[in-house]
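Peer 1: Model the following, please.
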Amino acid sequence: MSKYKEILESDRLLFRHFNITDVQDVFEYSSDEETVKYLTWSAHKNINQTIESINTFLSGDSVYAIVLKDIKKVIGCFDFRIVDENIATFGYVLNRKYWNKGYMSETLSTFIKYLFNELDIKEIYAMHERKNIASGKVMKKCGMTWTHYIKEETVNNKTADYDHYRIKKATI
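Peer 2: Okay, the predicted model is just below:
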């Protein structure tokens, strides 16, 4: 039993925990070099990597499949991490076939509300690789403020330049 909500919803999307029947949808975006270019993990080379991912990382309590309601297809992943009782951070990936349709902003907006209103988080931090301009646009659209930039920061053994953002509960 998860300590977090099993299902969240927005207008077009459903957010639920992953299961093994999602393997083809997850492999579709996880194996695409362009989709994972700015992430801290490499594209999956085979379906077994995706199965392993679903059974390990993607099975976490705070990891959600992003599902298109109308066709019940998994198009990405959103995960949040509670740093302490007041602070959370997050990460996300979206199948590139679904980029530029507002799905990531809809997802992030839903989770910001959930973290602030239901989990009583006071502040949310995030970062993205500086070259990933679209991710920064999503964060800004959802009310996050750019705070700083770190050159050659190492995250999960990947060194890159990262922009950092935050949003405080008091500001929404």
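
Peer 1: List the buried residues of the helix ranked longest in the chain.
Peer 2: Ranked by residue count, the top helix of the chain under DSSP state H comes out as helix 103-113. Neighbour-count burial for helix 103-113 flags Y103, M104, S105, E106, T107, L108, S109, T110, F111, I112 (criterion: 16 or more other C-beta atoms under 10 Å). Where you see a C-beta, it was placed from the backbone N, CA and C, and this is true even at glycine.

Peer 1: From the rest of the structure, what touches that helix?
Peer 2: Residues from elsewhere that reach helix 103-113, judged by C-beta atoms under 8 Å, 6 or more residues apart in numbering: 8-13, 15, 66, 68, 75-76, 78, 80, 90, 92, 94, 124, 135, 138-139, 141-143, 167, 172.

Peer 1: isn't S59 right next to F18, touching?
Peer 2: Yes. Between S59 and F18 there is a contact at 6.6 Å, judged by C-beta atoms under 8 Å.

Peer 1: Which one of the two is surrounded by more residues?
Peer 2: Counted by other C-beta atoms under 10 Å, S59 and F18 do not tie: F18 has more neighbours, with 22 against 13.

Peer 1: got the contact list for the residue nearest to the more buried one when sequence neighbours are not counted?
Peer 2: With sequence-adjacent residues excluded and distances taken as C-beta to C-beta, 6 or more residues apart in numbering, F18 is closest to L58, at 4.3 Å. By C-beta under 8 Å, 6+ apart, L58 lies in contact with F18, V26, A65, C77.

Peer 1: Which of those residues has the largest number of neighbours?
Peer 2: Each of those was scored by neighbours using other C-beta under 10 Å; the highest score is V26's, at 26 neighbours.

Peer 1: Apart from its neighbours in sequence, what residue is nearest that residue?
Peer 2: With sequence-adjacent residues excluded and distances taken as C-beta to C-beta, 6+ apart, V26 is closest to T50, at 5.2 Å.

Peer 1: Am I right that the one you found is in a helix?
Peer 2: Yes. According to DSSP: H, G, I helix; E, B strand; the rest coil, T50 belongs to a helix.
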